[in-house]
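Student: okay, predicted coordinates and the sequence, questions at the end:
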Amino acid sequence: MALAVVRDLREHWAPASAEELERFETDALSGFVLARASAGLADGTIRGDVGHLDQIRTWFGRPLWDMEPADADAYFGKVLRNSPSGTRLARSQALYFLFLELRHKVELHRMTGRVIECPIDEMNRPRGAKDAQLRIPPTGPEVGTLFTGWGGELATCRKFAPTARNYTAAKLMSQVGLRVSEACKLDLADIKWNLGRFGKLHVRHGKGKRGSGPRERMVPLINGADRTLRWFIEDVWGQFDDDHRRPGAPLFPSERKNADGSSRRVGDDALRGGLKTATQAHLPGWGERLTPHVLLHFCASQLYGNGLDLLAIQESLSGRVRLPQPGPQGREVAVPDLHRA
């Protein structure tokens, strides 16, 4: 048997220009800020992370994806040699390198020919460092697989109404970024079909901040959320045997009844359990990792990927992250609009 030369049949890409790399660096940092905001970090923590990255970038003089372990050795071993251990630890735990490796490894290889790897390894990691985690939501096709399978299950499930309710609530979380606690407290009257292009949800019990109490907001029914809710209200809601004219009738009712015979609100345990069961059945690779909060991360990532700016996403999800400016090398981080809906 003769040996033959194996050639890479993948398309050959031309290296990116300096302008393209500069735009990509700014966009990547904007995406990192969004990912940290979606993970629920405080404003000050995010500003601190970006400040550390800016100082490393200023010292290095090139995009941080070019940084290698030897560069990290020089930075932590010489530049920060006499710095407080807390400063060295904070700089080493900046998750930007992990973010680039998880989300942009293929794209960076195409643009630069480099395979991105974190320059901070077991040999040069400052003492006291803990394994950091960055929540990365499932991809669009994965979430599509989950809801396609879950939707098909509705035709054969033993309890149609509760299953359809859990399906609708989870899908709404992935489409407009609701928190599970917010979904449980929605009333039927909170759907404002006459507002905006698709209608809006009046979230009356949004996440507060620093003791401020619940914050209200209006959430556009984008990404097909209007169709999801119309189907649920027209074909499912009535099966819970409640009166839609009753003040305070919950959008997502429970099978249990109040003393007057009206439906109680669904609890967050029921919605979490429904999502967990459906994930194990239709997206087993995610197991117990796919929670309602991860669906919120997915929604934020999809909105950003579709061109919605960071400030608009923060407004939609009730975040209050103040984006640090300027970015590396004096460039402003892209502060990218929600009022279109």
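Tutor: Nice, I can see it.
Student: now do the SS call for the spatially most central residue of the chain.
Tutor: Nearest to the mean C-alpha position of the chain, by Cα atoms, centre = their mean, lies residue 297 at 1.8 Å. At residue 297 the chain is in helix, as set by DSSP: H, G, I helix; E, B strand; the rest coil.
Student: correct me, but it touches residue 139?
Tutor: No - using Cβ atoms under 8 Å, residue 297 is not in contact with residue 139, being 12.0 Å away. In short, each C-beta sits where N, CA and C put it, glycine included.
Student: now the strands for the stretch 201-341 of the chain?
Tutor: Using DSSP state E, counting those that start in this stretch, the strands of the stretch 201-341 of the chain run over 215-220, 253-257, 263-265.
Student: CSV for those, including mean pLDDT, distance to residue 56 and mean neighbour count?
Tutor: Below are the strands of the stretch 201-341 of the chain laid out as CSV (pLDDT from 0 to 100; distance: least, Cβ to Cβ, whole Å; neighbours: other Cβ atoms under 10 Å):
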stretch, mean pLDDT, distance to residue 56, mean neighbour count
strand 215-220, 84, 35, 17
strand 253-257, 90, 51, 16
strand 263-265, 89, 48, 18
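Student: mind putting those strands into TSV with distance to residue 173?
Tutor: TSV is the format used below for these (distance: least, Cβ to Cβ, whole Å):
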stretch	distance to residue 173
strand 215-220	11
strand 253-257	18
strand 263-265	16
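Student: returning to what we had before: the residue nearest to the centre of the chain and residue 174, how far apart?
Tutor: 10 Å (Cβ to Cβ, to the nearest Å).
Student: pretty sure residue 82 is in a strand, no?
Tutor: No - the assignment for residue 82, made by three-state DSSP, is coil rather than a strand.
Student: and this protein, what are its domain boundaries?
Tutor: If you go by automatic domain parsing, the domain ranges for the chain are 18-129+307-330, 140-298.
Student: lowest average confidence across the ones you listed, which one?
Tutor: Ranked by mean pLDDT, these bottom out at domain 18-129+307-330, which scores a mean of 71.
Student: next, count neighbours for the closest residue in space to residue 20 that isn't next to it in sequence.
Tutor: Nearest residue to residue 20, sequence neighbours excluded (Cβ to Cβ, 6 or more residues apart in numbering): residue 111, at 7.1 Å. By the criterion of other Cβ atoms under 10 Å, residue 111 has 18 neighbours.
Student: just residue 104 next, same as before
Tutor: Around residue 104 there are 19 residues (other Cβ under 10 Å).
Student: then the one 4 residues further on?
Tutor: Neighbour count for residue 108, taken as other Cβ under 10 Å: 22.
Student: let's verify it: helix, strand, or coil?
Tutor: Of the three states, residue 108 takes helix under three-state DSSP.
Student: so what's it up against?
Tutor: Counting by Cβ atoms under 8 Å, 6 or more residues apart in numbering, residue 108 touches 65, 100, 114, 116.
Student: could those residues go into JSON lines alongside neighbour count and secondary structure?
Tutor: Compiled in JSON lines, these are given as follows (neighbours: other Cβ atoms under 10 Å; DSSP: H, G, I helix; E, B strand; the rest coil):
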{"residue": "65", "neighbour count": "24", "secondary structure": "helix"}
{"residue": "100", "neighbour count": "21", "secondary structure": "helix"}
{"residue": "114", "neighbour count": "13", "secondary structure": "coil"}
{"residue": "116", "neighbour count": "20", "secondary structure": "coil"}
